[in-house]
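Q: Based on what follows, work out the 3D shape:
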Amino acid sequence: MEITTLTSCNDATLSPYIPSSGNPWDTIKINHVYRRLGFGASQDKIDAALALSPDAFIDSLVDDAFNLPSTTTPVWGNYALSDFTDFDTENEQYIQDWKIQTGNDFITEDLRGRLTSFWMNHFVTGLETYFYSPYLFQYYNTSQNHALGNLKDFVKDIGITSAMLIYLNGYENTNIEPNENYARELFELFTLGEGNGYTETDITETAKALTGYNHWDEEGAPLYFDESTWVDGDKTIFGQTGNWRYDDVINILFQERPNEIAKHICSKLYRYFVSQEIDAVIEQNVIDPLAQTLIAANFELAPVLKQLFKSEHFFDERALGVIIKSPFDITMQFINESQFFYNDELMDALIYFSGIFGQNLFNPPDVSGWQRDEEWISTSTLTGRWQFTELYLGILFQNGLESTFTDFAKELTNDSNDPYYITQVLIDHFMSKGLYTLGDYDIATDVFKWEIPQNYYDEGLWNLDWEEAPYQVYLLLSHLATIPEFQLK
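A: From the prediction side, this is the model:
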C-alpha cells in the first residue's frame, strides 16, 4: 500500500469561515478541528460543538487551553542529585512516570496538549543526552506554560532550561572557550530559519553573549548564570554593539528581526496544523497576514492561532485529509474517538508503540525534530500501525470488555441492524473524508458480516445484541486500520 499526500491547492483566505447551506457547519468540520488541534474527540464533544458557531467554538478551544493550569509538579520535579535515595532506580522510574503523564496530558488537553507536543518538536532537546528526570520535567513545564503565551518570553525561558543547556552545549559555553551550538540553532531553527537574516559573525558574537550558564549549587540542581564565565566586553549582534548578555540577545533579536521571526514561526504553525505545502499564493494570502498579526500582537500567540483556526482556509475542503497521522495520532486519536478503555498501563504501551513507529517521546531524531508527514510511513512502520490497532482491540476483547464494541456501534448507529449502514457510519466516524469508492465500503461490509449467513441480514433477524456482534465490530475496526484513508487526518 502506498500512502501519498497531495498539494492542497487551497487558495481560500484568512477571512472567517461563515457557514452556509452549501458549506455547512457539521461534524466533518468539527472532527477536522479536533484532529488537528487535539488528538480527536468523543461523539459527545462533537455534538456539543455543533451547538456553537465556528467562531465561538475556536474561541473556547483557544481560551480554555490558554487558561488551563499547569500539570502538577511532581515531588521530584526540582530535585538535585542529593535528593534521590536510589538515583539509578528512581530516576529511570520518574522518567517513565513523566512520559505517561505527558501522554495523558496530550490525550486529554485538546489544544494545549497538541501545542505542547508541537513546541517540543520546535525547541528540541533529547532526553537521551541528559537523561535526568528533574530536567525533563522542567523542560516540559516550560513548554507547556508557554504553549499559547508570548513567543519572545518562550524563546527566552526555553533557552536556559537545564535540558536545553546540556543538549545544545550551553553549559560548555564559557569565556575561555565559547561554544556556538546554541547560538546557531537559536537563529537557524528556533527563530529566523536557515540562512535567513543572520551572519556567521552574528553567531560568533551571540555565542559570547550567551556565555555564563554553566554553574549549579550542587550536582543535578538547575544550571544558572555566573558572571565569572561570561565574556565581559562589547559584542556586535545584528549591527547593535554593547556588552550584551543573554536577555539582551533575545531583546535585540526580536527588535531587529521581527518580520523574519514571525514568518518563520507562522510557516511552521501552518505546516503543522494545515498542510506541508506552502506556495506563493498561500504565502501571500495566509503566511504574511498571520506574521503581521503576530507582530502587531507583540508576539502573543493566541491571536494568530484564532485567526488561522477560524479562517475559510483552515476549514476549506482541500485542507481535510492532507496530513499523514503521526504515531501519537494513530494511538491517541483512536482512543479519543472510540472512547474505549485506557489507563496508565495502556498509556505506557501507547508510548512504547509510538516509539516503535518512529516517534520516541522526548527523543526526536536530531535538533531539527521530526519532519513529519511522509517521514512517518515506511513498509515496517505501516504494518506496525495496522498491528497496533488490532493488538489494542484484542487486549480489550480478551479482558472482558467486548461489550464496549457493540455499545459503541449502537450509540453511533442508533442501534441499527443494517450491516452496510453500520459499516459506513463506523468507518466515516474515524475518517477525515469518506472512502474513495463505494466498493471500498462493500469490502468493509463483507468483513463486518463475517460468517453470519446472509439470510439473517435479509430477514432482519440479526442485530448488535447477537453473541457474535462484538467480534464482528472487532473485525471491522481491525480492517479499518488497514484502509489508506485511515492514515490521514
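Q: Ends of stretch 106-117, what's the gap?
A: Start to finish, the residues bounding stretch 106-117 are 8 Å apart (C-alpha to C-alpha, to the nearest Å).
Q: starting at the chain centroid, how far to that stretch?
A: 7 Å (C-alpha atoms, centre = their mean, to the nearest Å).
Q: and it, what's its mean pLDDT?
A: The pLDDT scores in stretch 106-117 average 98.
Q: If you count neighbours, what's buried in that stretch?
A: 106, 107, 109, 110, 111, 112, 113, 114, 115, 116, 117 (16 or more other C-beta atoms under 10 Å). Glycine gets a C-beta too; all of them are placed from N, C-alpha and C.
Q: wait, residue 362 sits on residue 117?
A: No - the pair residue 362 / residue 117 is not scored as a contact, 10.7 Å apart, by C-beta atoms under 8 Å.
Q: roughly how far out does the helix or strand harbouring residue 203 sit from the chain middle?
A: Per DSSP states H and E: residue 203 is located in helix 200-209. Mean-position distance between helix 200-209 and its chain equals 32 Å (C-alpha atoms, centre = their mean).
Q: which strands and helices sit next to the helix-or-strand element of the chain with minimal mean pLDDT?
A: Least confident helix or strand of the chain, by mean pLDDT, DSSP states H and E, is helix 379-398 with a mean of 92. Where contact means 3 or more C-beta pairs under 8 Å, 6 or more residues apart in numbering; DSSP states H and E, helix 379-398 is packed against helix 344-356, helix 403-413, helix 469-480.
Q: mind running it again at 6 Å?
A: helix 469-480 (3 or more C-beta pairs under 6 Å, 6 or more residues apart in numbering; DSSP states H and E).
Q: hang on, the earlier thing: next, the angle from the least confident helix or strand of the chain to helix 403-413.
A: On the basis of axes from the mean of the first three to the mean of the last three C-alpha atoms, to 10 degrees, helix 379-398 is oriented at 100 degrees to helix 403-413.
Q: What residues of helix 379-398 count as buried?
A: Buried, per 16+ other C-beta under 10 Å, within helix 379-398: 381-382, 384-390, 392-393, 396-397.
Q: Let me know the closest of these to residue 97.
A: Distance ranking of these against residue 97, using C-beta to C-beta, places residue 392 first at 21.7 Å.
Q: Output the below-cut-off pLDDT ranges for this protein.
A: Low-confidence segments of the chain, defined by pLDDT under 70: 1-8.
Q: just to revisit the earlier point, now the two most distant members of the buried residues of stretch 106-117.
A: 107 and 115 (14.2 Å).
Q: now the nearest residue to residue 115 once chain neighbours are set aside: how far from residue 174?
A: Of all residues not flanking residue 115 in the chain, residue 147 sits nearest, at 4.0 Å (C-beta to C-beta, 6 or more residues apart in numbering). Distance, residue 147 to residue 174, using C-beta to C-beta, to the nearest Å: 32 Å.
Q: the more surrounded of these two?
A: For the pair residue 147 and residue 174, the greater number of neighbours falls to residue 147 (23 against 17), based on other C-beta atoms under 10 Å.
Q: so that one sits in a strand?
A: No - judged by DSSP: H, G, I helix; E, B strand; the rest coil, residue 147 forms no part of a strand; its state is coil.
Q: Looking at the buried residues of stretch 106-117, spot the one nearest residue 445.
A: For the buried residues of stretch 106-117, the nearest to residue 445 is residue 107 (30.7 Å; C-beta to C-beta).
Q: List the residues that contact the closest one.
A: Residue 107 sits next to 39, 332 when contact means C-beta atoms under 6 Å, 6 or more residues apart in numbering.
Q: helix, strand or coil for it?
A: Residue 107 - assigned by three-state DSSP - is helix.
Q: Inside helices: which ones of the buried residues of stretch 106-117?
A: Using DSSP state H, the subset of the buried residues of stretch 106-117 located in helices is 106, 107, 111, 112, 113, 114, 115, 116, 117.
Q: Let me have those residues in TSV, extended by distance to residue 43.
A: What follows is those, written out as TSV (distance: C-beta to C-beta, whole Å):
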residue	distance to residue 43
106	20
107	16
111	19
112	22
113	20
114	20
115	24
116	25
117	24
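Q: In three-state terms, label residue 241 for me.
A: From three-state DSSP, the assignment for residue 241 is strand.
Q: and the residue nearest to it when sequence neighbours are not counted, how many neighbours does it have?
A: Leaving aside its sequence neighbours, residue 241 sits nearest to residue 234 (C-beta to C-beta, 6+ apart; 5.5 Å). Number of residues near residue 234 (other C-beta under 10 Å) recorded here: 11.
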